[in-house]
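*Asks:* Got a predicted structure plus its sequence, pasted below:
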Number of protein chains: 2
Amino acid sequence: MENSVFKALAHPARRQLLTLLRQGPRLAGDLAAAFEASWPTMSRHLAVLKDADLITADRQGNQILYRVNPSVLEDAASALLGLIGKDTGDDEQKEAAE
Amino acid sequence: MENSVFKALAHPARRQLLTLLRQGPRLAGDLAAAFEASWPTMSRHLAVLKDADLITADRQGNQILYRVNPSVLEDAASALLGLIGKDTGDDEQKEAAE
DNA sequence: ACTCTGATTAGCGCAAAAGCTAATTAGCAG
DNA sequence: CTGCTAATTAGCTTTTGCGCTAATCAGAGT
């Protein structure tokens, strides 16, 4: 599960999508328009992000509104910091014993 | 540059290598031995991590000692938190203006 | 039902990544 | 120089990822 998150983050376009989404929810079309790649290509990137649970999609009549899912990003960041023994606020009682 | 970091983190085996390295420097052979995959395969994973500057390699006579490079991991984590507008301690003077 | 716009899915081709075995390099010991 | 161990590099095959165009699905309006 965590794996799909990091895989999703591996592509620059997808990280760029997240930075756009960071400023607030956006319609699929608006997101796609912000890139040079074709619309279907961007749709696929959005699907990858959704699969990783990094974003959520809501139909608004004719169009689809995308929102970033902060908690999953936070978890990923925590995982990275955990890799270097940085306390991320999660309880790591083993740390205290060392 | 940042891209190679996230791409390096995309593979489970490489993240696993980092968790092993988190406990301290380790020899290439010891790292490779901890996985099912063949030695050359693990060597290649280590090369990818080194390329991304996530680890450093030092020859110790006959063998090679790998060390994790915490600052690059921290940067990556910060980048993720930045994606959701979390202040990471870096100066982001633009934030203050909003 | 027809059509227009918004968005995804299908199918294809190509490039990059991942894995293996075999071959090679690097250093040390004799 | 030979032999031994540690590790990487080469060469190859298979799998995965990316991007395109064309086709399809979904909803709203007429």
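*Replies:* Happy to help now that I have it. Residues are numbered from 1 along each chain as shown, chains lettered A, B, ... in the order given.

*Asks:* Distance check, A:Val5 against B:Phe6.
*Replies:* Computed as Cβ to Cβ, to the nearest Å, the A:Val5 to B:Phe6 distance reads 11 Å. Yep, even glycine has a C-beta here, placed from its N, CA and C like the rest.

*Asks:* got any residues that touch both of these two?
*Replies:* Common contacts of A:Val5 and B:Phe6 (Cβ atoms under 8 Å, 6 or more residues apart in numbering or on different chains): none found.

*Asks:* In chain A, where is pLDDT below threshold?
*Replies:* When residues are selected by pLDDT under 70, those of chain A lie in A:86-98.

*Asks:* Now do the same contact list for the residue of it found nearest DNA strand C.
*Replies:* Closest residue of chain A to DNA strand C, Cβ to the nearest atom of the strand: A:Gly29 (2.1 Å). By Cβ under 8 Å, 6+ apart, the contact set of A:Gly29 is A:39, A:63.

*Asks:* What residues does the residue nearest to the spatial centre of chain A make contact with?
*Replies:* Centroid-nearest residue in chain A, with Cα atoms, centre = their mean: A:Leu54, separated by 3.3 Å. By Cβ under 8 Å, 6+ apart, the residues touching A:Leu54 are A:5, A:8-9, A:18, A:68-69, A:72-73.

*Asks:* repeat for A:Leu73
*Replies:* A:18, A:54, B:80-81, B:83-84.

*Asks:* so where does it fall, helix or strand?
*Replies:* helix A:70-82 (DSSP states H and E).

*Asks:* ok now that helix, how far from the chain's centre?
*Replies:* Its chain's C-alpha centre and that of helix A:70-82 lie 11 Å apart, by Cα atoms, centre = their mean, to the nearest Å.

*Asks:* rewinding a little: hmm, which of the contacts of A:Leu54 are the buried ones?
*Replies:* A:5, A:8-9, A:18, A:68-69, A:72-73 (16 or more other Cβ atoms under 10 Å in any protein chain shown).

*Asks:* Pull up the residues of chain A that are close to DNA strand D.
*Replies:* Along chain A, the residues adjacent to DNA strand D under the rule Cβ under 7 Å from any atom of the strand are A:7, A:10-11, A:13, A:36-38, A:40-41, A:44-45, A:48, A:59, A:61-62.

*Asks:* and if we set it to 6 Å?
*Replies:* A:7, A:11, A:13, A:37-38, A:40-41, A:59, A:61-62 (Cβ under 6 Å from any atom of the strand).
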